[in-house]
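# sequence below, structure please.
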Amino acid sequence: MLEELKTANKVVGIKQLRKALTSGAAKKVFLAEDADPMLTEPIFRICLETQTNVVYVQTMKQLGAACEISVPAAAAAIV
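Below is the predicted model of the structure:
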């Protein structure tokens, strides 16, 4: 599943993800299980409202690596 992030158009980070969700651009959302719930819970609620698929990734480090960035990531989405 994470392989999709390497080749697809994506957004990374809470702020960019929120914009993508509210505009309807996000097709699938990836959330790190070890991220601060204060950050990820609002994103998860928006996903429920917009019926956007959510995939959980074990760690922020894994999600950052899948997005091909050098820092951990709490959230990302395919757009």
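# okay, CA-based contacts and neighbour counts for the rest of this
Fine.
# distance between stretch 41-48 and the chain's centre?
Averaging C-alpha positions (Cα atoms, centre = their mean, to the nearest Å) puts stretch 41-48 11 Å from its chain's average.
# and if you look at stretch 51-64?
6 Å.
# show me what it is in contact with.
Around stretch 51-64, the neighbours that count as contacts under Cα atoms under 8 Å, 6 or more residues apart in numbering are 2, 26-35, 44, 47, 70-76.
# buried ones only from these, please, as a ChimeraX command.
Buried members of the contacts of stretch 51-64, defined by 16 or more other Cα atoms under 10 Å, are picked up in ChimeraX with:
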select :26,27,28,29,30,31,32,33,35,44,47,72,73,74,75,76
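# which ones among the contacts of stretch 51-64 lie within helices?
With helices taken from DSSP state H, the overlap with those comprises 44, 47.
# my guess is Arg12 contacts Ala75. True?
Just to correct that, residue 12 is Val rather than Arg. Yes. With contacts counted by Cα atoms under 8 Å, Val12 reaches Ala75, the gap being 6.1 Å.
# residues in contact with the closest residue to Val57 other than its chain neighbours?
Leaving aside its sequence neighbours, Val57 sits nearest to Ala32 (Cα to Cα, 6 or more residues apart in numbering; 4.7 Å). Shown in contact with Ala32 (Cα under 8 Å, 6+ apart): 56-60, 63, 73-75.
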